[in-house]
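J.: pasting the sequence and the predicted coordinates here, then a few questions.
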Amino acid sequence: MPDRPIDVVVAGHVCLDIIPGFPQGKRYHVNDVFTPGKLVEVTDAAVSTGGPVSNTGIGLVKLGMKVSFIAKTGADQFGQMTHDRLKHWAGVEGLTISSEATSSYTIAIAPPGIDRIFFHNPGANHTFAADNVDYDLCGRARLFHLGYPPLMRTLFRDNGRQLTEIFRRVKERGTTTSLDMALPDPNSEAGQADWKTILKGLLPYVDIFHPSAEEALFMAHNEKWRDLRAKAGNGEILDLLKGADYTEMSDLLLSWGSAMVTLKSGHRGFYLRTGSCDRIANTGSAAPANCDEWSEREIWAPAYHAANIASATGSGDSSLAGFSSAFLRGETPQRCVAAANALGYQNLQALDAVTGIRDWDYTLRLMEDFSMPRNKIATGDGWTWDDAHKRACGPKNRH
């Protein structure tokens, strides 16, 4: 195995985030914010880089990982701000600056009490392609993580040909791979893409697949997603899902080739499902030393209860920083899931996605504090609850 001086190369979507603050102690309804002609008073705004390159990447740096970024921006003011902020944290030798594209930005509206709403300009992310990836840089890393291809037009067009090419070429370097997703507008070009076909061609090259539960449902069981979306009304699909739904989705995604599947679940926590020992052992440079410990696991741990939430912007990205950092440190599956929840909780303490993130020692203390209240989850039949460690094991968990 060649020397791997970089822990993680984080690639994909990056933008500049502008996040207005909202007064604490108040719970909002969507009509409190989006009513024509209404003036909504907010507090100071946070301005930061956003998207998984920034959110997951900087989170990993704060947890002690050595990180390099691969992304694309325009040669404009937003692009310069993005470049400078990323360079403050980690290597930017993989950053492409294009004079032919504009830089991406997002206005993130995240009032306490309702899910986040984003006004987003994809900018240069739409033109990010396989030839924007430095594969020699990827070959120096233990883990390659790419995020948000549904928000990157070139990557999902043509049945994901460019996206699959990226992962195929990274896997040729022996690097372990992971992929995060985003939920597209169902009426957009990305929402109309044939995600089943894309994933069937892609997942054999993806070792750890990291969609949210709703993203997985949208892409793998779109008719069911539409039915549940109608039933949820103004609520969340997440609250309608049972343990059997998680098992069914992960069964399918593992059968399409991934070694592991996690389903980010917001206030309902973090789910992990893993495949066979043979597939786990062939995940590349970051493969677990004990594949038996990692194979055929099904674990769902509820999220920490957060009494006061500054913002949930990037909480899923932060959870993947926690999971990936624990995974690269050789932690058990149970502790990797705990680390994901610990980072998701830290994320909620600040308006942006990274200010609330602490170091690994703090994260360890949080992971091991089982006295902290958790949100309730309804798993359904066939699951066993471990009250001492605040997690549930599913029917496909063989240990």
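T.: That came through, no problem.
J.: could you report the neighbour count for the closest residue to Arg398 other than its chain neighbours?
T.: Spatial nearest neighbour of Arg398, excluding adjacent residues (C-beta to C-beta, 6 or more residues apart in numbering): Glu296 at 4.4 Å. Heads up, the C-betas are built off the backbone N, CA and C, glycines and all. Residues lying near Glu296 (other C-beta atoms under 10 Å) number 16.
J.: read off the pLDDT value for Glu296.
T.: With respect to pLDDT, Glu296 has a value of 97.
J.: helices or strands next to the longest helix along the chain in the packing?
T.: If you go by DSSP state H, the chain has its longest helix at helix 153-172. On a contact count with 3 or more C-beta pairs under 8 Å, 6 or more residues apart in numbering; DSSP states H and E, helix 153-172 meets helix 135-139, strand 141-147, strand 176-180, helix 195-202.
J.: what mean pLDDT does that helix get?
T.: pLDDT averaged over helix 153-172 gives 98.
J.: how about it: buried residues?
T.: Across helix 153-172, burial judged by 16 or more other C-beta atoms under 10 Å covers 153-157, 159-167, 169-171.
J.: same deal with stretch 62-76?
T.: So for stretch 62-76, counting by 16+ other C-beta under 10 Å, buried means 62-63, 65, 67-74, 76.
J.: now for these, which pair is the farthest apart?
T.: Greatest spacing in these, by C-beta to C-beta: Leu63 and Asp76 (31.4 Å).
J.: can you put the helices and strands packed on helix 153-172 in JSON lines and add distance to Thr49?
T.: Output for the helices and strands packed on helix 153-172, formatted as JSON lines (distance: least, C-beta to C-beta, whole Å):
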{"stretch": "helix 135-139", "distance to Thr49": "19"}
{"stretch": "strand 141-147", "distance to Thr49": "13"}
{"stretch": "strand 176-180", "distance to Thr49": "16"}
{"stretch": "helix 195-202", "distance to Thr49": "26"}
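J.: who wins for proximity to Pro395 among these?
T.: helix 195-202 (23.7 Å).
J.: who does that closest one touch, helix- and strand-wise?
T.: Other elements packing on helix 195-202 under the criterion 3+ C-beta pairs under 8 Å, 6+ apart are helix 153-172, helix 213-220.
J.: mind listing the helices for the chain?
T.: Taking DSSP H as the criterion, the chain carries its helices at 30-33, 52-62, 77-87, 135-139, 153-172, 195-202, 213-220, 222-232, 243-255, 277-281, 291-294, 315-328, 333-347, 360-367.
J.: spatially nearest residue to the residue most central in space within the chain, not counting backbone neighbours?
T.: The chain has Asp317 as the residue nearest its centroid, 4.0 Å off, counting by C-alpha atoms, centre = their mean. Nearest residue to Asp317, sequence neighbours excluded (C-beta to C-beta, 6+ apart): Asn55, at 3.4 Å.
J.: state the distance from the one you found to Pro112.
T.: As judged by C-beta to C-beta, to the nearest Å, Asn55 and Pro112 stand 20 Å apart.
J.: what is the least confident helix or strand in this structure?
T.: Here the helix or strand of the chain ranked lowest by mean pLDDT, DSSP states H and E is helix 30-33, holding a mean of 85.
J.: touching, the residue nearest to Asp317 and Ser319? I think so.
T.: No - counting by C-beta atoms under 8 Å, Asn55 stays clear of Ser319, with 10.0 Å between them.
J.: show me the contacts for the residue nearest to Asp317.
T.: Contact analysis of Asn55 by C-beta atoms under 8 Å, 6 or more residues apart in numbering lists 314, 317-318, 321, 353-354.
J.: just the pLDDT at it, thanks.
T.: Listed pLDDT for Asn55 reads 96.
J.: could you do Pro112 as well?
T.: pLDDT, Pro112: 84.
J.: my read is that it contacts Gln24, right?
T.: Yes - using C-beta under 8 Å, Pro112 is in contact with Gln24, at 7.0 Å.
J.: what touches both of the two?
T.: Asn308.
J.: have a look at these two and say which one is more surrounded.
T.: Between Pro112 and Gln24, Pro112 has the larger neighbour count (other C-beta under 10 Å), namely 18 against 10.
J.: how much space separates the closest residue to Ala287 other than its chain neighbours from Ser318?
T.: With sequence-adjacent residues excluded and distances taken as C-beta to C-beta, 6+ apart, Ala287 is closest to Ala281, at 5.9 Å. In this view, Ala281 and Ser318 are 29 Å apart by C-beta to C-beta.
J.: please apply the same query to Ile299.
T.: Ile299 is 19 Å from Ser318, where distance means C-beta to C-beta.
J.: more crowded one of these two?
T.: Between Ile299 and Ser318, Ser318 has the larger neighbour count (other C-beta under 10 Å), namely 29 against 25.
J.: so who does the residue lying closest to the more buried one once chain neighbours are set aside touch?
T.: For Ser318, ignoring the flanking residues on the chain, the nearest one in space by C-beta to C-beta, 6+ apart is Asn347 at 3.8 Å. Counting by C-beta under 8 Å, 6+ apart, Asn347 makes contact with 312-315, 317-319, 353, 356-357.
J.: same question for Asp76.
T.: 102-103.
J.: and the pLDDT at it?
T.: Looking at Asp76, the pLDDT reads 95.
J.: same check, this time on Lys242
T.: Value listed for Lys242 in the pLDDT field: 93.
J.: over to Ala312?
T.: 85.
J.: tell me, how many residues neighbour Asp44?
T.: By the criterion of other C-beta under 10 Å, Asp44 has 9 neighbours.
J.: so where's the chain shaky on pLDDT?
T.: Within the chain, the stretches with pLDDT under 70 are 1-2.
J.: tell me the one of the buried residues of stretch 62-76 nearest Lys242?
T.: If you rank those by distance to Lys242 using C-beta to C-beta, Leu63 comes first, at 32.3 Å.
J.: is it true that that closest one touches Tyr362?
T.: No - using C-beta under 8 Å as the test, Leu63 is too far from Tyr362 to be in contact (9.5 Å).
J.: all set, thanks.
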